[in-house]
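Undergrad: heads up, no residue letters with this:
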């Protein structure tokens with residue numbers, strides 16, 4: 001199906017979709033440094049791509065909301081090139097948008113997250129009992145990919161999402177559209193990923209990055225081995241799983 005975008009519709013069209021039980025998909029990301037080789041808007045671009053592919057693949061009525069370009073990224077502020085919302089601010093923004101959707105008649109919204117730093121605010125939102133009248137679901141797109149297949153597809157990073165490392169750089173290669181900067185891929189790896197570390201294998205980070213101490217390049221993982229094939233694997237699996245979740 002064609003992707004239907006909230007921002008392209010008139011008010012009567014939006015009201016009609018809401019009354020028909022249309023599911024709202026909301027990609028959220030961040031605007032932050034991604035090393036010297038990835039665009040600062042990568043997180044939203046990747047989450048949006050997963051949403052677009054899922055919406056195109058399902059027969060269920062879907063409306064794609066305008067993506068949220070700002071997330072909770074204070075840990076990258078020391079490196080600059082980052083615009084961050086404080087966690088409480090992000091939580092307020094998320095809640096206000098969801099309340100607005102409920103007031104517009106929507107009964108279900110699925111938040112598709114592209115930035116690990118947003119996870120705490122999203123979890124708080126989903127558990128917010130005051131948001132009655134609308135079903136709120138949320139998932140980080142990399143968690144929609146089978147962990148074993150993702151690990152098998154990686155040459156170095158063992159399936160860890162990292163930050164501007166093998167997986168994210170591979171997605172950028174698959175998507176194209178200027179997400180890779182003019183300098184191309186770096187020739188050196190960033191901080192190696194470890195289980196429980198920032199962006200490490202297993203999908204659960206035990207702590208936030210400390211880039212000035214650990215990786216002044218801003219890279220966690222190894223982008224030098226990135227491939228468009230790995231990126232396409234992530235996009236295919238994540239969008240297929242999201243389409244199933246919608247149903």
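TA: Yes, it's here. Because the structure is predicted, anything quoted here is derived from the model rather than measured.

Undergrad: residue contacts, residue 2?
TA: residue 56 (C-beta atoms under 8 Å, 6 or more residues apart in numbering). In short, each C-beta sits where N, CA and C put it, glycine included.

Undergrad: and the one 10 residues further on, by the same measure?
TA: With contacts defined as C-beta under 8 Å, 6+ apart, residue 12 has no neighbours.

Undergrad: for it, give its distance to residue 230.
TA: Residue 12 is 44 Å from residue 230, where distance means C-beta to C-beta, to the nearest Å.

Undergrad: same check, this time on residue 68
TA: For residue 68 relative to residue 230 (C-beta to C-beta), the value is 26 Å.

Undergrad: how about the helices in the protein?
TA: For the chain, applying DSSP state H gives helices covering 11-19, 42-57, 87-103, 119-126, 147-153, 166-175, 211-214, 228-246.

Undergrad: among the ones you listed, which is the most enclosed?
TA: Among the helices of the chain, ranked by average contacts under mean count of other C-beta atoms under 10 Å, first place goes to helix 166-175 (a mean of 26).

Undergrad: give me the distance from it to the chain's centre.
TA: In this view, helix 166-175 has its centroid 13 Å away from the chain centroid, taken as C-alpha atoms, centre = their mean, to the nearest Å.

Undergrad: go on, stretch 33-44?
TA: Distance, centroid of stretch 33-44 to centroid of chain: 12 Å (C-alpha atoms, centre = their mean).

Undergrad: which residues touch it?
TA: Contacts to stretch 33-44, defined as C-beta under 8 Å, 6+ apart, come from residues 27-32, 45, 67-69, 71, 76, 79-82, 114-115, 163-164, 168-169, 171-172, 178-181, 183-186, 190, 217-219, 223.

Undergrad: now, of these, which are buried?
TA: For the contacts of stretch 33-44, a burial check counting by 16 or more other C-beta atoms under 10 Å picks out 27-32, 45, 67-69, 71, 76, 79, 82, 114-115, 163-164, 168-169, 171-172, 179-181, 185-186, 190, 217-219, 223.

Undergrad: could you point out where this structure is predicted with low confidence?
TA: 129, 203-206 (pLDDT under 70).

Undergrad: where's the residue nearest the centre of the chain relative to residue 243, distance?
TA: Nearest to the geometric centre of the chain sits residue 114, at 1.1 Å (C-alpha atoms, centre = their mean). Distance, residue 114 to residue 243, using C-beta to C-beta: 17 Å.
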